[in-house]
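Q: Fold the stuff below for me.
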Amino acid sequence: MPKRKLSQIKVSLTLVVLIILSVASAVAVYWLQTEDPSVYASTFIINAGAVETNFSQTGNLARNNPGMEKNTWYLLYEEPGQPAISAKLIFSDTSACQLSAKEVKCQSAKLYIGQKVTVFGKFNSGNVAVDKITPAK
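A: This is a model prediction of the structure:
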């Protein structure tokens, strides 16, 4: 094989390797810059029982939308650069809903689709263990 042809093959291989490294670097930078929604969650203290939470978001309640678990409540909210985030709401016996003058257990509260609320709770993998729900301000 002539030296000139061998030199062209080396240059071509070098270019291919550089392109592959550039693409890999771009993908790595993108993954590092993509943030988890829980990054925006901050810690709050709820005055009724001083319960610590790591999730406090205002949004609209949704239920039975496509892609959602049937008969399960979700909060639809937004963050800068991340529109239409959904969090599945997990209610317990201690979940409190204060949507009127009287606070009641969320399991017996009258929630409705589209209702604008603020949810306080513990966020984990797209689910929120609800501590308290209040009307949005």
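
Q: ok, Thr118 touching Val130?
A: No. Contact criterion CB atoms under 8 Å: Thr118 and Val130 do not qualify, at 11.1 Å. All C-beta atoms are positioned from the backbone trio N, CA, C, and that covers glycine.

Q: who's more crowded, those two?
A: Val130 (24 against 16; other CB atoms under 10 Å).

Q: and the more buried one, that one's in a strand?
A: Yes. With DSSP: H, G, I helix; E, B strand; the rest coil as the criterion, Val130 is part of a strand.

Q: Could you check how far it is from Cys106?
A: Distance from Val130 to Cys106, counting by CB to CB, to the nearest Å: 6 Å.

Q: Neighbours of the closest residue to Thr94 other than its chain neighbours, how many?
A: Leaving aside its sequence neighbours, Thr94 sits nearest to Asp131 (CB to CB, 6 or more residues apart in numbering; 7.5 Å). Other residues lying near Asp131 total 23 when counted by other CB under 10 Å.

Q: Could you check how far Asp131 is from Pro80?
A: Asp131 is 25 Å from Pro80, by CB to CB.

Q: Check Ser86 too.
A: 17 Å.

Q: List of residues touching stretch 74-89?
A: Identification of contacts with stretch 74-89 by CB atoms under 8 Å, 6 or more residues apart in numbering yields 37, 40, 55, 57-63, 65, 68-69, 72-73, 117, 119, 121, 123, 126-128, 130.

Q: Looking at it now, give me its mean pLDDT.
A: Regarding stretch 74-89, the rounded mean pLDDT is 92.
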